[in-house]
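S.K.: Can you look at this prediction? I've put the sequence above it.
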Amino acid sequence: HLPRSILKCKAVSREINFTSVQEMKAFRLVQKVFFQGAVMEEWRFDFGFVIPGSTNSWQQVIKAADEMMDPELLTGNITIETSFFDGASFIAKSLVRIYYD
């Protein structure tokens, strides 16, 4: 659950913290935002080389669209799918449904 006020922000910052036992040569993620099951946005982020046995922090700032949709329409209808890769090799996927309070 997210506060409705987040939709009024000009940008949102997020941080991903992760630990890797193994070396990764080209760590990256692909994030898709679905609205009622259809892809609404897709972003690609490249982290690059990851040292084995390291703990890392990765921060991104995502700028908002000029006009946002009504939170009543969005709540429960937005799903964010984040897929993690090392180059072309799939690592894991996260799927989150968004609700606005």
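M.R.: Arrived safely, thanks for sending. Keep in mind it's a predicted model, so treat the numbers as computed, not measured. Numbers count the residues shown, from 1 in each chain.
S.K.: where along the protein do the strands fall?
M.R.: 11-20, 24-35, 38-50, 54-63, 78-86, 89-98 (DSSP state E).
S.K.: Redo these as TSV? Include distance to residue 4, mean pLDDT and mean neighbour count.
M.R.: Where you see a C-beta, it was placed from the backbone N, CA and C, and this is true even at glycine. Written out in TSV, the entries for the strands of the chain read as follows (distance: least, C-beta to C-beta, whole Å; pLDDT from 0 to 100; neighbours: other C-beta atoms under 10 Å):
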stretch	distance to residue 4	mean pLDDT	mean neighbour count
strand 11-20	14	91	11
strand 24-35	17	96	16
strand 38-50	18	94	12
strand 54-63	18	90	11
strand 78-86	13	96	17
strand 89-98	11	96	11
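S.K.: The closest residue in space to residue 81 that isn't next to it in sequence: what's it in contact with?
M.R.: Once its chain neighbours are removed from consideration, residue 81 has its nearest residue in residue 32; the separation is 4.7 Å (C-beta to C-beta, 6 or more residues apart in numbering). Residues near residue 32 by C-beta atoms under 8 Å, 6 or more residues apart in numbering: 39, 41-42, 80-81, 83.
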